[in-house]
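**Student:** Quick one: sequence and predicted model below, then my questions.
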Amino acid sequence: MKFKTVFVCQKCGYEAPKWAGKCPECGEWNSLVEEVKQQESKKAPARTRSFTDFSSEIVKLSESKAVKEPRIETHISEFDRLLGGGLVKGQLSLLAGAPGIGKSTLMLQVAAELSKNLKVLYISGEESISQISGRAQRLGVKGDNIFLHCETDVQKIVESVQNVNPDVLILDSIQTVYHPEFTSSLQCG
């Protein structure tokens, strides 16, 4: 699926490929706003179910049934407790906190525990492989089942996931990731 960025005048609807201070159609200043649109393809691909497709019938809570999902324990007791007993297959968890409090260290320890039975892909957008390796040595983490990749381009990250086919993906950290076709993700401030 390809995307393109266009700048749309909020007054008249004019679309421009690049930002301009003044709309060339209606003359309004600072009215062009960036929008991302899916590019038209010659042949529409068959729709496949994705993680964003989610639908159900309306039911009363009292009539709904809970499903007990199997959990994958990290064997880090407080982390497992925080996750409700461990990770669930297909689960997305966001670990947030102030810089320097140990999020990356904790995630490397989680990777070490999970790699005893699972394949882990650890993607870093902030540190080099040698920095991660140095931390791993300090922590005594070996991990033949931990694969490291330093990358921030989401397209290359997807390729890495497809190549390695990990059981667990750790992305450190999400705010460094960008999509090259979305120009606003490259602009700071």
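**Tutor:** Structure's in. What do you need?
**Student:** Let me know the distance separating A98 from D172.
**Tutor:** Per CB to CB, to the nearest Å, A98 is found 15 Å from D172. Where you see a C-beta, it was placed from the backbone N, CA and C, and this is true even at glycine.
**Student:** out of those two, which sits in the busier spot?
**Tutor:** D172 (19 against 7; other CB atoms under 10 Å).
**Student:** so what's the more buried one bridging to?
**Tutor:** S124 (DSSP bridges).
**Student:** residues contacting it?
**Tutor:** K103, S104, M107, Y122, I123, S124, G125, E126, E127 (CB atoms under 8 Å, 6 or more residues apart in numbering).
**Student:** again, 10 Å this time
**Tutor:** Applying CB atoms under 10 Å, 6 or more residues apart in numbering to D172 gives the contacts 95, 103-104, 107-108, 111, 122-127, 132, 150.
**Student:** Of the residues you listed, which belong to strands?
**Tutor:** Secondary structure of the contacts of D172 is defined by DSSP state E; positions in strands are Y122, I123, S124, C150.
**Student:** just curious, which of these is nearest to N163?
**Tutor:** Taking CB to CB as the measure, N163 lies nearest I123 of the ones in strands among the contacts of D172, at 12.0 Å.
**Student:** Could you measure from that closest one over to H75?
**Tutor:** Computed as CB to CB, the I123 to H75 distance reads 22 Å.
**Student:** Specify which residue of these two has the higher count of neighbours.
**Tutor:** Taking other CB under 10 Å, I123 and H75 do not tie; I123 has more neighbours (23 against 13).
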